[in-house]
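Chemist: Predicted model and sequence follow; I will ask about them next.
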Amino acid sequence: MENRADIDNRVSENGYSAEHQQWVWDDTRAFLAIARRGTLSGAASDLKVGIATLSRRIERLEKALGLPLFIRQQSGYLLTEEGSAMVDRAEAMEAAATAFSSGISGQAQPTGKVRLATAENLANELIVPALPAFREQYPGITIELITDIHTVNLHRRDADLALRMVRPERGNVTLRRLGNLGYGLYRSSTYSPETSASPDSSLFDWADFITWNERQADLPAAQWIERVLRGREPALTTTSLASQVAATKAGLGLAVLPHFVAANAGLICEQADLGIDQPIYLVIQSDLAKSRRIRAVADFLVELVEQSAQPLSHGQIS
């Protein structure tokens, strides 16, 4: 594989001179759009050009460089090692072009779309409430929030970065552990079932439980309740955390919920430590780790999780 200096020399040798700046920049924008989106159709939509035009630009760029930048697959476009090495250079051109068109000196504000994958609870209860402040600081960045993380794979470039509770086992990604997501057993103030006549019975023997549908049976909360029920049927199963919170507030039973979600809903903690806390990881596509727009979002997430460490990881029994 050629190193960065070799690639830079190849750029110079193959016609990237001043008189060709416009089509060079058009081709570079095409390269960045496909690298970020992973598909011709998505990139064409972002750039508002036809797929055929976009394909020609990439072919022209690869011919000029004498390098394959993408692996064409049926599912989309994956960066080659040479393509990954070009991302930083292309984004530097993007920043320079933005600064020039804005008529300002120094480094321009990062712009563009960032696809962030995370769990529904982190999205709705933690990230979204903090986005107005982020938007005020970075008005040029558009965030695409993806909460259906069961179908998201950073290796396939379904997202640029992710805040998740499962450590990725494969893919060209960088990761950082930011903190812990703690879980507790919660109820509403209106739920107070009659105790069993047996003096040896416990809360777990007679209480009603709200849990996950069998499709989410692999979740730690679902597995904890399954162990507690020991064959008893739950009062309700759902496919979303929001439904579980609503059912708990309605007094249908006990639910295993993230501490910060239950606290925001005004629920009462029956047991604060269930032994199923999960680590929170920030995962980034390695070839995008130095992108200014990606770094802006990543830094925002790091600060947000660190500032929320106490409510995220701890609950308090009422």
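Modeler: Sure, I can see it. Residues are numbered from 1 along each chain as shown.

Chemist: When you work out contacts or count neighbours from here on, use the C-alpha atoms and nothing else.
Modeler: Noted.

Chemist: In three-state terms, how would the closest residue to Ala159 other than its chain neighbours be classified?
Modeler: If the residues on either side of it in the chain are set aside, Ala159 comes closest to Arg115, at 4.9 Å by CA to CA, 6 or more residues apart in numbering. Assigned state for Arg115: strand (three-state reduction, DSSP: H, G, I helix; E, B strand; the rest coil).

Chemist: I'd say Arg115 and Thr147 touch.
Modeler: No: the criterion here is CA atoms under 8 Å, and Arg115 misses it with Thr147 at 10.6 Å.

Chemist: which residues sit in contact with Thr39?
Modeler: Residues near Thr39 by CA atoms under 8 Å, 6 or more residues apart in numbering: Ser75, Gly76, Tyr77.

Chemist: From Ser45, how far out is it?
Modeler: 10 Å (CA to CA, to the nearest Å).

Chemist: what does Ile317 give?
Modeler: With CA to CA as the criterion, Ile317 and Ser45 are 51 Å apart.

Chemist: and what of Ala35?
Modeler: 14 Å.

Chemist: Between these two, which is the more surrounded one?
Modeler: More crowded of Ala35 and Ser45, by other CA atoms under 10 Å: Ala35, with 23 against 13.

Chemist: Could you report the pLDDT at the residue nearest to the more buried one when sequence neighbours are not counted?
Modeler: Of all residues not flanking Ala35 in the chain, Leu79 sits nearest, at 6.6 Å (CA to CA, 6+ apart). Leu79 carries a pLDDT score of 90 in this model.

Chemist: switch to numbering from 783
Modeler: Renumbered: residue one is now 783, and that last one reads Leu861.

Chemist: Identify the residues contacting Leu861.
Modeler: By CA under 8 Å, 6+ apart, the neighbours of Leu861 are Ala817, Leu851, Phe852, Ile853.

Chemist: quick one: which of the residues you listed sit in strands?
Modeler: Residues of these located in strands (DSSP state E): Phe852, Ile853.

Chemist: What are the boundaries of the strands in the protein?
Modeler: Under DSSP E, the chain gives strands at 852-855, 858-861, 894-900, 923-928, 943-946, 955-963, 965-969, 991-994, 1018-1020, 1036-1040, 1050-1053, 1060-1067.

Chemist: okay, now the domains of the protein?
Modeler: 786-884, 894-951+1061-1090, 965-1053 (automatic domain parsing).

Chemist: And these, which one averages the lowest pLDDT?
Modeler: domain 786-884 - the lowest mean pLDDT of these, at a mean of 76.

Chemist: Which helix runs longest in this structure?
Modeler: Counting residues, the longest helix in the chain under DSSP state H turns out to be helix 863-884.

Chemist: wait, which of the domains of the chain is closest to Arg959?
Modeler: domain 894-951+1061-1090 (4.4 Å; CA to CA).

Chemist: neighbours around Leu1070, how many?
Modeler: By other CA under 10 Å, neighbour count at Leu1070 equals 21.
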